[in-house]
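[1] Here is my input, please return the structure:
(one chain, ligands or ions: 1)
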Amino acid sequence: MSQATFRVDVTKEQFVFSAAHFITFAGDICERLHGHNYGVRASVGGPLDENRYVVDFIALRDAILHETLTLDHHVILPNSHPEIKITSDDKETTATFRDRRWVFPNEDCVILPVINTTAEEIARVIAQRVMVRTRDQFGDAIDWIEVAVDENHGQWGVCRLPWQAAE
Ligand SMILES: Nc1nc2c(c(=O)[nH]1)N=C([C@H](O)[C@H](O)COP(=O)(O)OP(=O)(O)OP(=O)(O)O)CN2
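    You can find the predicted model right below:
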(Lines give C-alpha, C1' and ligand atoms only; values in the text may rest on other atoms or scores of the structure.)
Protein backbone atom coordinates (compact mmCIF):
# COMPACT_ATOMS: atom_id res chain seq x y z
CA MET A 1 0.00 0.00 0.00
CA SER A 2 1.24 3.51 -0.83
CA GLN A 3 2.59 5.62 2.00
CA ALA A 4 1.87 8.79 0.06
CA THR A 5 -0.18 11.52 1.68
CA PHE A 6 -1.66 14.43 -0.18
CA ARG A 7 -2.78 17.97 0.40
CA VAL A 8 -3.56 21.03 -1.65
CA ASP A 9 -2.25 24.47 -0.75
CA VAL A 10 -3.65 27.78 -1.90
CA THR A 11 -1.50 30.87 -1.48
CA LYS A 12 -2.72 33.64 -3.73
CA GLU A 13 -1.75 37.29 -4.01
CA GLN A 14 -5.43 38.21 -3.62
CA PHE A 15 -5.60 36.57 -0.19
CA VAL A 16 -5.05 39.85 1.59
CA PHE A 17 -7.40 41.80 3.78
CA SER A 18 -6.79 45.18 5.35
CA ALA A 19 -8.44 45.43 8.72
CA ALA A 20 -8.23 47.17 12.07
CA HIS A 21 -8.20 45.43 15.45
CA PHE A 22 -6.82 45.51 18.93
CA ILE A 23 -6.06 42.66 21.29
CA THR A 24 -5.32 42.28 24.96
CA PHE A 25 -2.28 40.41 26.18
CA ALA A 26 -0.33 39.76 29.37
CA GLY A 27 -3.53 39.95 31.36
CA ASP A 28 -4.53 43.57 31.23
CA ILE A 29 -2.59 45.25 28.43
CA CYS A 30 -4.96 46.43 25.72
CA GLU A 31 -3.47 47.52 22.42
CA ARG A 32 -4.42 50.71 20.65
CA LEU A 33 -6.60 50.31 17.60
CA HIS A 34 -4.33 49.62 14.65
CA GLY A 35 -4.41 47.96 11.26
CA HIS A 36 -2.72 45.21 9.33
CA ASN A 37 -2.60 44.05 5.75
CA TYR A 38 -3.32 40.47 6.69
CA GLY A 39 -2.25 37.61 4.46
CA VAL A 40 -3.93 34.21 4.31
CA ARG A 41 -2.96 30.76 3.08
CA ALA A 42 -4.84 27.51 3.35
CA SER A 43 -4.28 23.80 2.94
CA VAL A 44 -6.58 20.79 2.84
CA GLY A 45 -5.32 17.26 3.41
CA GLY A 46 -6.89 13.93 2.60
CA PRO A 47 -7.10 11.08 0.12
CA LEU A 48 -7.33 11.50 -3.63
CA ASP A 49 -10.80 11.38 -5.17
CA GLU A 50 -11.86 10.02 -8.56
CA ASN A 51 -10.27 13.07 -10.24
CA ARG A 52 -7.04 12.36 -8.33
CA TYR A 53 -7.72 15.59 -6.43
CA VAL A 54 -7.70 16.06 -2.67
CA VAL A 55 -10.15 18.83 -3.45
CA ASP A 56 -10.53 21.17 -6.40
CA PHE A 57 -8.12 23.95 -5.47
CA ILE A 58 -10.15 26.43 -7.52
CA ALA A 59 -13.11 25.85 -5.19
CA LEU A 60 -10.85 26.16 -2.15
CA ARG A 61 -9.37 29.36 -3.57
CA ASP A 62 -12.83 30.86 -4.10
CA ALA A 63 -13.97 29.98 -0.58
CA ILE A 64 -10.88 31.57 0.98
CA LEU A 65 -11.31 34.64 -1.21
CA HIS A 66 -14.91 34.99 -0.04
CA GLU A 67 -13.81 35.01 3.60
CA THR A 68 -10.98 37.48 3.04
CA LEU A 69 -13.35 39.87 1.27
CA THR A 70 -15.77 39.63 4.19
CA LEU A 71 -13.03 40.93 6.50
CA ASP A 72 -11.43 43.46 4.14
CA HIS A 73 -11.76 47.13 5.19
CA HIS A 74 -13.47 46.35 8.47
CA VAL A 75 -12.80 46.67 12.14
CA ILE A 76 -12.56 43.16 13.60
CA LEU A 77 -14.01 42.82 17.09
CA PRO A 78 -14.29 39.81 19.45
CA ASN A 79 -17.66 38.71 20.81
CA SER A 80 -16.31 36.54 23.65
CA HIS A 81 -13.63 38.59 25.34
CA PRO A 82 -14.11 38.73 29.10
CA GLU A 83 -13.40 42.47 29.25
CA ILE A 84 -13.85 43.86 25.75
CA LYS A 85 -17.59 44.38 25.66
CA ILE A 86 -19.31 44.91 22.32
CA THR A 87 -22.75 46.46 22.00
CA SER A 88 -24.61 47.63 18.91
CA ASP A 89 -27.66 49.79 18.31
CA ASP A 90 -29.25 50.41 14.94
CA LYS A 91 -26.37 52.67 13.82
CA GLU A 92 -23.27 52.15 15.87
CA THR A 93 -21.16 49.50 17.50
CA THR A 94 -19.41 50.36 20.73
CA ALA A 95 -16.46 48.48 22.15
CA THR A 96 -15.33 49.11 25.70
CA PHE A 97 -12.35 47.92 27.70
CA ARG A 98 -12.41 49.26 31.26
CA ASP A 99 -12.43 53.08 30.89
CA ARG A 100 -11.71 53.05 27.15
CA ARG A 101 -14.39 53.27 24.48
CA TRP A 102 -14.41 52.98 20.70
CA VAL A 103 -17.48 53.73 18.53
CA PHE A 104 -17.80 52.60 14.92
CA PRO A 105 -20.53 52.61 12.27
CA ASN A 106 -22.14 49.16 12.31
CA GLU A 107 -21.29 48.55 8.67
CA ASP A 108 -17.58 49.04 9.39
CA CYS A 109 -17.49 46.21 11.92
CA VAL A 110 -17.15 42.46 11.74
CA ILE A 111 -17.75 40.80 15.09
CA LEU A 112 -16.14 37.37 15.23
CA PRO A 113 -16.83 34.45 17.60
CA VAL A 114 -13.43 34.73 19.27
CA ILE A 115 -12.00 35.65 22.65
CA ASN A 116 -9.22 37.79 21.19
CA THR A 117 -8.73 38.85 17.58
CA THR A 118 -5.32 37.19 17.28
CA ALA A 119 -4.08 35.78 14.00
CA GLU A 120 -4.67 32.28 15.40
CA GLU A 121 -8.30 32.99 16.24
CA ILE A 122 -8.99 34.68 12.90
CA ALA A 123 -7.42 31.65 11.18
CA ARG A 124 -9.76 29.35 13.13
CA VAL A 125 -12.85 31.32 12.11
CA ILE A 126 -11.82 31.34 8.46
CA ALA A 127 -11.12 27.58 8.58
CA GLN A 128 -14.52 26.85 10.14
CA ARG A 129 -16.35 29.04 7.64
CA VAL A 130 -14.54 27.59 4.64
CA MET A 131 -15.36 24.10 5.90
CA VAL A 132 -19.04 24.97 6.14
CA ARG A 133 -19.02 26.68 2.73
CA THR A 134 -17.33 23.79 0.90
CA ARG A 135 -18.67 20.76 2.77
CA ASP A 136 -21.32 19.85 0.20
CA GLN A 137 -18.83 20.12 -2.63
CA PHE A 138 -15.85 18.48 -0.93
CA GLY A 139 -17.76 15.79 0.96
CA ASP A 140 -16.64 14.07 4.13
CA ALA A 141 -13.55 12.21 2.98
CA ILE A 142 -11.22 15.13 3.74
CA ASP A 143 -8.94 14.71 6.77
CA TRP A 144 -8.17 18.27 7.78
CA ILE A 145 -8.11 21.93 6.85
CA GLU A 146 -5.41 24.36 7.88
CA VAL A 147 -5.64 28.13 7.59
CA ALA A 148 -2.79 30.51 8.35
CA VAL A 149 -3.13 34.25 8.88
CA ASP A 150 -0.14 36.57 8.61
CA GLU A 151 -0.33 39.82 10.55
CA ASN A 152 2.85 41.44 9.46
CA HIS A 153 5.09 40.03 6.74
CA GLY A 154 5.90 36.65 8.23
CA GLN A 155 4.12 36.56 11.62
CA TRP A 156 1.65 33.73 11.12
CA GLY A 157 -1.05 32.30 13.34
CA VAL A 158 -2.10 28.87 12.12
CA CYS A 159 -5.15 26.73 12.87
CA ARG A 160 -5.63 23.14 11.74
CA LEU A 161 -9.04 21.55 12.24
CA PRO A 162 -10.21 18.01 11.62
CA TRP A 163 -12.62 18.14 8.71
CA GLN A 164 -15.48 16.85 10.83
CA ALA A 165 -15.21 19.76 13.26
CA ALA A 166 -17.36 22.18 11.27
CA GLU A 167 -19.98 23.90 13.38
N1 LIG B 1 0.96 34.55 18.40
C2 LIG B 1 0.57 35.85 18.25
N3 LIG B 1 1.34 36.82 18.75
C4 LIG B 1 0.94 38.10 18.59
C5 LIG B 1 -0.25 38.41 17.93
C6 LIG B 1 -1.03 37.35 17.40
O7 LIG B 1 -2.09 37.56 16.78
N8 LIG B 1 -0.59 36.08 17.58
N9 LIG B 1 -0.63 39.70 17.79
C10 LIG B 1 0.08 40.70 18.26
C11 LIG B 1 -0.42 42.09 18.11
O12 LIG B 1 -1.60 42.16 17.34
C13 LIG B 1 0.57 43.07 17.53
O14 LIG B 1 -0.10 44.26 17.22
C15 LIG B 1 1.24 42.56 16.32
O16 LIG B 1 1.40 43.60 15.43
P17 LIG B 1 2.78 44.08 14.82
O18 LIG B 1 2.39 45.23 14.00
O19 LIG B 1 3.50 42.98 14.15
O20 LIG B 1 3.61 44.49 16.10
P21 LIG B 1 4.91 45.34 16.13
O22 LIG B 1 4.79 46.23 17.26
O23 LIG B 1 6.10 44.47 16.11
O24 LIG B 1 4.83 46.07 14.73
P25 LIG B 1 5.50 47.28 14.07
O26 LIG B 1 5.94 46.75 12.74
O27 LIG B 1 6.62 47.71 14.96
O28 LIG B 1 4.41 48.28 13.92
C29 LIG B 1 1.32 40.49 19.02
N30 LIG B 1 1.69 39.09 19.10
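[2] For Trp102, what are phi and psi?
    Dihedral pair for Trp102: phi -130, psi 140, per degrees, to the nearest 10.
[3] so it bridges to which residues?
    Ala95 (DSSP bridges).
[4] That one: what's it in contact with?
    By Cβ atoms under 8 Å, 6 or more residues apart in numbering, Trp102 lies in contact with Leu33, Thr94, Ala95, Thr96. Where you see a C-beta, it was placed from the backbone N, CA and C, and this is true even at glycine.
[5] Quick check: pLDDT value at it.
    With respect to pLDDT, Trp102 scores 98.
[6] Now flag whichever of the contacts of Trp102 is closest to the ligand.
    Within the contacts of Trp102, the smallest distance to the ligand is 10.4 Å, found for Leu33 (Cβ to the nearest ligand atom).
[7] helices or strands next to the longest helix along the chain in the packing?
    As assigned by DSSP state H, the longest helix anywhere in the chain is helix 119-138. Under the contact definition 3 or more Cβ pairs under 8 Å, 6 or more residues apart in numbering; DSSP states H and E, helix 119-138 sits against strand 34-45, helix 57-71, strand 109-112, strand 144-150, strand 156-162.
[8] quick one: average pLDDT of the last one?
    When you say that, I think you mean strand 156-162. Per-region confidence: strand 156-162 scores 98 on mean pLDDT.
[9] Go through it and flag the buried ones.
    Going by neighbour count (16 or more other Cβ atoms under 10 Å), the buried part of strand 156-162 is Gly157, Val158, Cys159, Arg160, Leu161.
[10] So the third one sits against Ala127, correct?
    Think Cys159. Yes: using Cβ atoms under 8 Å, Cys159 is in contact with Ala127, at 5.2 Å.
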